[in-house]
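Student: Structure for the following, please:
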Amino acid sequence: MAHVRRDLKRGVACTVSQYKEAIHFAVCSRGHEDFYTGERLDWKLVSVYRNEEAKSGKVKYKKTLSLLPTVDHTEDEHGQPCFVICSWRVNDAKSDLTLGEFYSLCERVLAHRESAGQGAAPSTSRG
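Tutor: As a prediction, this is how the structure comes out:
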């Protein structure tokens, strides 16, 4: 329903049954792995999110659910809405970017890392 409500506001003609079918197709076709990274998803994490634990554990708790399968609303090669299955971590990073925008951002991050000689995370020491 959330995807349908959002898309109707954006002028995309859709129905709940069409979206259920599209999401089912995405799960059946490649739902065992993250569409973007190829990482194996952990379907045992579905329905285990707990608000209270998230509030107390914050980032640490969220990281335990990084491979939770989620539905990402994106576009196919013709610009038509479609769904893919990816990890919560990747879906969170992608946010509302289009597929092209997301890939472009990833490429810029990697190019900057290479040009700046940043092989690893920055040091926290100020020595």
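Student: How far off centre is the lengthiest helix in the chain?
Tutor: The longest helix of the chain (DSSP state H) is helix 99-115. From the chain centre to the centre of helix 99-115 is a distance of 16 Å (CA atoms, centre = their mean, to the nearest Å).
Student: Who are the packing partners of it?
Tutor: Helix 99-115 is packed against no helix or strand, with contacts defined by 3 or more CB pairs under 8 Å, 6 or more residues apart in numbering; DSSP states H and E. Quick note: C-beta positions are derived from backbone N, CA and C, even for glycine.
Student: Using PDB, write out every CA atom in that helix.
Tutor: Only the C-alpha atoms of helix 99-115 are listed here, as PDB (Å, rounded to 0.1, in the frame of the first residue of the first chain):
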ATOM      1  CA  LEU A  99      19.200   3.400 -10.200                       C
ATOM      2  CA  GLY A 100      21.400   5.700 -12.400                       C
ATOM      3  CA  GLU A 101      21.800   8.300  -9.600                       C
ATOM      4  CA  PHE A 102      22.700   5.600  -7.100                       C
ATOM      5  CA  TYR A 103      25.300   4.000  -9.400                       C
ATOM      6  CA  SER A 104      26.700   7.500 -10.200                       C
ATOM      7  CA  LEU A 105      27.000   8.300  -6.500                       C
ATOM      8  CA  CYS A 106      28.800   4.900  -5.900                       C
ATOM      9  CA  GLU A 107      31.200   5.600  -8.800                       C
ATOM     10  CA  ARG A 108      32.000   9.100  -7.400                       C
ATOM     11  CA  VAL A 109      32.600   7.700  -3.900                       C
ATOM     12  CA  LEU A 110      35.000   5.100  -5.300                       C
ATOM     13  CA  ALA A 111      36.800   7.500  -7.700                       C
ATOM     14  CA  HIS A 112      37.300   9.900  -4.800                       C
ATOM     15  CA  ARG A 113      38.600   7.200  -2.600                       C
ATOM     16  CA  GLU A 114      41.100   6.200  -5.200                       C
ATOM     17  CA  SER A 115      42.200   9.800  -6.100                       C
END
